[in-house]
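# sequence and predicted structure below; questions after.
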Amino acid sequence: MTALPALTEAKLGLVIDLDTCVGCHACVVSCKEWNTGGYGAPLGDRDAYGDTPEGAWLNRIHSYEISPENGPAEIVHFPKSCLHCDDAPCVTVCPTGASYKRSEDGIVLVDEDRCIGCGLCAWACPYGAREMDPVEKVMKKCTLCVDRIYNDNIPEEDRVPACVRTCPANARHFGDLADPESDVSQLVAARGGMDLMPALGTKPVNKYLPPRRKADRDSGTPHADRLPDAPGGFLGWLDATLDRLG
Amino acid sequence: MHPAVSIIFFTVTSGAGFGMIALLGLGFPMPEGWLAAFLVSALAGVLAVAGLISSTLHLGHPERALLAFTQWPTSWLSREGVLAVATMVAFGIYVLVWMVTGSRVLLLGIAIAALAVATIYSTAMIYGQLRTVPAWHTGLTPAVYLGFAFASALLAATAVGAATALGPLPLVVIAILAVVVAWAIKFAWWRRAETATLASIGAGTGPATGLSSLGTVRPFEPPHTGPTYLTREMVHRIGRKHARVLRIIAVVLGGAIPIGLALLGWLGLPTPLWAGLAFAAMISGLFVERWLFFAEAEHSVAAYYHPH
């Protein structure tokens, strides 16, 4: 049903650390691998080995260049997947009841057997978290690996979303964001975890940890400008000699 | 936003169809006889239904379309479907009574008109509800849809109708007023759209990434090397290139030519001729207007791909 639950018992979600993400795309690949064999229809591809491959992915990584007023620019890698919003606009627009948010853990899912593939939920999502499957013609989205996290048939350490399990930099964390004592909630509190596009009122469950301020950035000068004018020792002698030679 | 032909066709023709159903329900004068009743109602019904059927063409699974009638408490798309079917069923009964008895039941007609207006409103709200597309997220969007539906329906009803005036007002005057008012609303919509940017609603690249407190944020590398569903549906950019020329074409076809034809009607051109041609011109103009409505609109996902 596409009415949102008034309250969810838990708010399972991800905390993504933009400080440590190295942009390796391992989470993207592991997400595709797991979700092609798990919940729902396979994550389809068209022309997968041809000139114009295209397919449905539930997790994608953008990269941004941040230029502070003073100091060197830096690259921030930015993984983006469904934020499992408390006030999820993708759910309420759905005409068939295929899109829903679970009251027990807050996960937003698509019942693929009810999906007519109209695409309105993808238009309603501010973040581009939903993609139409090019083969099955139903809407695909992150399930928070609902078929892993409660799965008694796999080792306990694997009962987290595939992206979290895979991340070699430990930039992705999974837990209950409704519980203030949980590791993820503490991480959000300690690191100033933030919402994406808070003004749109979607109340995302997933949080992003901003990059830590680098020591160099506060000095106000890029690295290259901070070489001493007159180095001493052999290099100083060489510098002075070459200057004399013109 | 991706301008799907089926959706453009649907919103324009079903607007004209439900507008005409509303006018018929309110008692717009029509020729006597069961055949005339059948033909004018069929015109209205075909316009409305052709649009609805075309809207199912863009579905991935049209065979499950019946499920779309279930979520009307929350979904405007579902409400649109329910209201459209309710209007068509009530209109079918109205037309049967009209054909058999030759009289039009005013109370039922008024109810049908209200249903038809609610249907057009719901169609507009499918788009007007989306906060992700700031140009659409305004009460002006349903006003535009209703204005164009009424004006185009009035031209169609005049072309096949049996009157040259409603009360003291000649239909020429009413038609010109309807067309002018509809375009005035659209100009207000366009004017608002100029300032309804992604940044203005807090969906620029800064708040989209949460990184603007660290410096200027510039998209450096996208997540994929080719186009995706997201970029084709929501990061569509071709509409803005020819927007000015297309707006002029829309206004000339959809506004200036219908008004000019109405003036020729005032000078003596037969009513079916001027109104029929004006309807054809207006519908063509509205196809261009509706194409722009989609193609020009920016979605917040674009902020992740281009600096906003």
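It's in.
# can you classify A:Glu33 as helix, strand or coil?
Counting by DSSP: H, G, I helix; E, B strand; the rest coil, the backbone at A:Glu33 sits in helix.
# and it, how far from B:Leu230?
21 Å (CB to CB, to the nearest Å). C-betas here are computed from N, CA, C, even on glycine.
# up against chain A, what does the stretch 51-200 of chain B have?
B:58-62, B:64-65, B:67-71, B:73-78, B:81, B:126, B:129-133 (CB under 8 Å from any CB of the partner chain).
# filter these down to the buried ones and hand me the ChimeraX line.
In ChimeraX, this line selects whichever of those come out buried by 16 or more other CB atoms under 10 Å in any protein chain shown:
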select /B:58,59,60,61,64,65,67,68,70,71,74,75,76,77,78,81,126,129,130,131,132,133
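# mind listing what residue 74 touches?
In the absence of a named chain, chain A is used. Contact analysis of A:Glu74 by CB atoms under 8 Å, 6 or more residues apart in numbering or on different chains lists A:Glu65, A:Ile66, A:Pro211, A:Lys214, A:Arg217.
# not what I meant, chain B
Contacts of B:Thr74 by CB under 8 Å, 6+ apart are A:Thr2, A:Ala3, A:Thr92, A:Val93.
# go with 10 Å
A:Met1, A:Thr2, A:Ala3, A:Leu4, A:Val91, A:Thr92, A:Val93, A:Cys94, A:Pro95, A:Gly97 (CB atoms under 10 Å, 6 or more residues apart in numbering or on different chains).
# please identify which helix or strand holds the fifth one.
What that stands for is A:Val91. Element membership for A:Val91, per DSSP states H and E: helix A:89-92.
# okay, that helix in CSV with CA atoms only?
What follows is helix A:89-92, C-alpha atoms only, in CSV (Å, rounded to 0.1, in the frame of the first residue of the first chain):
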residue,chain,number,x,y,z
PRO,A,89,7.7,10.7,-2.2
CYS,A,90,8.3,7.7,-4.5
VAL,A,91,5.9,5.6,-2.4
THR,A,92,2.9,7.9,-2.3
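# I would like the residues contacting it, please.
Applying CB under 10 Å, 6+ apart, the contact partners of helix A:89-92 are A:1-5, A:82, A:85, A:97-101, A:108-110, A:120-127, A:129-130, A:139, A:141, A:200-202, B:71, B:73-76, B:129-132.
# change it to 6 Å
Residues outside helix A:89-92 that contact it (CB atoms under 6 Å, 6 or more residues apart in numbering or on different chains): A:Thr2, A:Leu4, A:Ser99, A:Lys101, A:Cys121, A:Ala124, A:Cys125, B:Thr74.
# quick one: distance of it to the chain centre.
Averaging C-alpha positions (CA atoms, centre = their mean, to the nearest Å) puts helix A:89-92 20 Å from its chain's average.
# about what we covered before: quick one: which of the residues of the stretch 51-200 of chain B next to chain A sit in strands?
Among these, no member falls in strands (criterion: DSSP state E).
# ok so, going back, averaged pLDDT, the helix holding A:Val91. What do you get?
Here helix A:89-92 scores 97 as its mean pLDDT.
# what's the spacing between the following helix or strand past it and its chain's center?
Sequence order places strand A:99-101 as the next helix or strand after helix A:89-92, per DSSP H and E. Centroid separation between strand A:99-101 and its chain, computed with CA atoms, centre = their mean, is 20 Å.
# do strand A:99-101 and chain B meet?
No. Strand A:99-101 lies out of reach of chain B by CB under 6 Å from any CB of the partner chain, never closer than 9.2 Å.
# work out the gap between the helix or strand just after that strand and the centre of the chain.
Downstream of strand A:99-101, the next assigned helix or strand under DSSP H and E is strand A:108-110. Here strand A:108-110 is found 17 Å from its chain centre; the criterion is CA atoms, centre = their mean.
# tell me if strand A:108-110 is near chain B.
No. Judged by CB under 6 Å from any CB, strand A:108-110 makes no contact with chain B; its nearest approach is 12.0 Å.
# let me know the average pLDDT across the next helix or strand after that strand.
The element immediately downstream of strand A:108-110 (helix or strand, assigned by DSSP H and E) is helix A:120-124. Helix A:120-124 carries an average pLDDT of 97.
# contacts for helix A:120-124?
Against helix A:120-124 from outside (CB under 6 Å, 6+ apart): A:Pro89, A:Cys90, A:Val93, A:Cys94, A:Ser99, A:Arg130, A:Met139, B:Leu77, B:Leu130.
# is the helix or strand following it in proximity to chain B?
Per DSSP H and E, the first helix or strand lying C-terminal to helix A:120-124 is strand A:131-132. Yes. Counting by CB under 6 Å from any CB, chain B has neighbours in strand A:131-132: A:Glu131, A:Met132.
# tell me the strands beside strand A:131-132, with direction?
Here strand A:131-132 is paired, per DSSP bridges, with strand A:139-140 (antiparallel).
# give me the element A:Ile66 is part of.
Short version: A:Ile66 belongs to strand A:59-67, going by DSSP H and E.
# count of neighbours near A:Gly246?
Neighbour count for A:Gly246, taken as other CB atoms under 10 Å in any protein chain shown: 4.
# so who does it touch?
So A:Gly246 contacts nothing (CB under 6 Å, 6+ apart).
# tell me the helix or strand right after the helix or strand that contains B:Ile176.
When elements are assigned from DSSP H and E, B:Ile176 belongs to helix B:171-195. Moving toward the C-terminus from helix B:171-195, the next helix or strand (DSSP H and E) is helix B:205-209.
# close to chain B, is the strand holding A:Ile66?
Yes. Using CB under 6 Å from any CB, strand A:59-67 reaches chain B at A:Arg60, A:Ile61, A:His62, A:Ser63, A:Tyr64, A:Glu65, A:Ile66, A:Ser67.
# for chain A, what's its nearest residue on chain B.
Proximity of chain B to chain A (CB to the nearest CB) peaks at B:Gly60, 2.0 Å away.
# hmm, back to that, got the contacts of helix A:89-92 as a markdown table, with distance to B:Ala162 columns?
Below are the contacts of helix A:89-92 laid out as a markdown table (distance: CB to CB, whole Å):
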| residue | distance to B:Ala162 |
| --- | --- |
| A:Thr2 | 46 |
| A:Leu4 | 51 |
| A:Ser99 | 49 |
| A:Lys101 | 54 |
| A:Cys121 | 47 |
| A:Ala124 | 45 |
| A:Cys125 | 50 |
| B:Thr74 | 43 |
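# tell me the buried residues within these.
Those of the contacts of helix A:89-92 that meet the buried threshold are A:Thr2, A:Leu4, A:Ser99, A:Lys101, A:Cys121, A:Ala124, A:Cys125, B:Thr74, by 16+ other CB under 10 Å.
# give me the low-pLDDT residue ranges for chain B?
Within chain B, the segments meeting pLDDT under 70 span B:238-239.
# ok, and does stretch A:156-176 reach over to chain B?
No. Between stretch A:156-176 and chain B, judged by CB under 6 Å from any CB, nothing touches; the nearest distance is 13.6 Å.
# what residues of that stretch count as buried?
Under 16+ other CB under 10 Å, the buried positions of stretch A:156-176 are A:159-167, A:171-176.
# in the chain, which spans are helices?
Went with chain A since none was named. A:26-37, A:89-92, A:120-124, A:146-149, A:162-166, A:183-191, A:215-219, A:233-244 (DSSP state H).
# was after chain B, sorry
B:5-25, B:34-56, B:76-101, B:106-128, B:140-160, B:171-195, B:205-209, B:229-234, B:243-251, B:257-266, B:271-295.
# kindly reformat those helices as CSV containing distance to A:Asn153.
Formatted as CSV, the helices of chain B follow (distance: least, CB to CB, whole Å):
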stretch, distance to A:Asn153
helix B:5-25, 44
helix B:34-56, 41
helix B:76-101, 38
helix B:106-128, 43
helix B:140-160, 50
helix B:171-195, 53
helix B:205-209, 38
helix B:229-234, 33
helix B:243-251, 56
helix B:257-266, 68
helix B:271-295, 47
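# which one, of the ones you listed, ends up nearest to A:Ile116?
helix B:34-56 (8.6 Å; CB to CB).
# distance from that closest one to the middle of the chain?
With CA atoms, centre = their mean, you get 16 Å for helix B:34-56.
# understood, closing this out.
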